[in-house]
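> I'll drop the sequence and a predicted model, then ask my questions.
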Amino acid sequence: MTGNGMKDKILKSFLEAQNREGLELARESDLLELYPQGSRPFRCWIARFRCKGLVLTRQGKVSEANDFAVAIYFPDDYLRRAHTAEVLTWLTPGNVFHPNCSPDLPLICIGRMSPGMRLVEILYQVYEIITYRKITMNEGNALNKPACRWARQHTGLFPIDERPLKRQLMHIQVNAREEANRK
């Protein structure tokens, strides 16, 4: 059951917490935009990452891009069972170039997904894939074998984007006495 008629109170509470935590991460990030879809409690989000990643151009050249989007959907039984292909859908760009992203289907693999995996954890995992912090280097496990071969030959380029997903705060303590002495 979806929307206001949701009977599973545990799932409803989980979904509300995921939305709250996900939106908080997006507020604290210069690289992530998160858009809840549908009605409350939200079970689907569009995550837009404004970070550096790679695409394969029509000419066959590996090139940088900085706008990536995925859909994240939690089905009714997500707290009991989770499968990456049911939860994550790659949206854009269609020519993303990464061993964990299928060149033919809208699939992205973040690795093992456990039931009830938090939205924030999924967002971090997707970010790590886009920026080449997380890479499948085994062609037998890769969704994109040419990207896997390319990645093994170019490990010195990674991560593609070194910025953290969550904005880092600086705490500066000023001693008022020392400040007064300088004047």
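Yep, that arrived. Residues are numbered from 1 along each chain as shown.

> List the buried residues of the helix ranked longest in the chain.
The helix spanning the most residues in the chain, taking DSSP state H as the definition, is helix 9-27. Residues Leu11, Lys12, Phe14, Leu15, Gln18, Asn19, Gly22, Leu23, Leu25, Ala26 are the ones in helix 9-27 that count as buried (16 or more other Cβ atoms under 10 Å). All C-beta atoms are positioned from the backbone trio N, CA, C, and that covers glycine.

> Let me see the confidence value for the fifth one.
Read that as Gln18. pLDDT for Gln18: 98.

> Next: the second one.
Reported pLDDT at Lys12 in the predicted model: 96.

> ok, it - contacts?
Met6, Pro41 (Cβ atoms under 8 Å, 6 or more residues apart in numbering).

> I'd like the next helix or strand past the longest helix of the chain.
Downstream of helix 9-27, the next assigned helix or strand under DSSP states H and E is strand 32-37.

> With just CA atoms, put the longest helix of the chain into PDB.
In PDB, the C-alpha atoms belonging to helix 9-27 read as follows (Å, rounded to 0.1, in the frame of the first residue of the first chain):
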ATOM      1  CA  LYS A   9       4.000   1.500  10.300                       C
ATOM      2  CA  ILE A  10       7.600   0.300  10.500                       C
ATOM      3  CA  LEU A  11       8.100   0.900   6.800                       C
ATOM      4  CA  LYS A  12       6.400   4.200   7.000                       C
ATOM      5  CA  SER A  13       8.600   5.300   9.900                       C
ATOM      6  CA  PHE A  14      11.700   4.000   8.000                       C
ATOM      7  CA  LEU A  15      10.800   5.900   4.800                       C
ATOM      8  CA  GLU A  16      10.200   9.200   6.700                       C
ATOM      9  CA  ALA A  17      13.600   8.800   8.400                       C
ATOM     10  CA  GLN A  18      15.300   8.100   5.000                       C
ATOM     11  CA  ASN A  19      13.700  11.200   3.500                       C
ATOM     12  CA  ARG A  20      14.700  13.400   6.400                       C
ATOM     13  CA  GLU A  21      18.300  12.100   6.400                       C
ATOM     14  CA  GLY A  22      18.700  12.200   2.600                       C
ATOM     15  CA  LEU A  23      17.500  15.800   2.400                       C
ATOM     16  CA  GLU A  24      19.800  16.800   5.300                       C
ATOM     17  CA  LEU A  25      22.800  15.300   3.400                       C
ATOM     18  CA  ALA A  26      21.700  17.200   0.200                       C
ATOM     19  CA  ARG A  27      21.500  20.500   2.200                       C
END
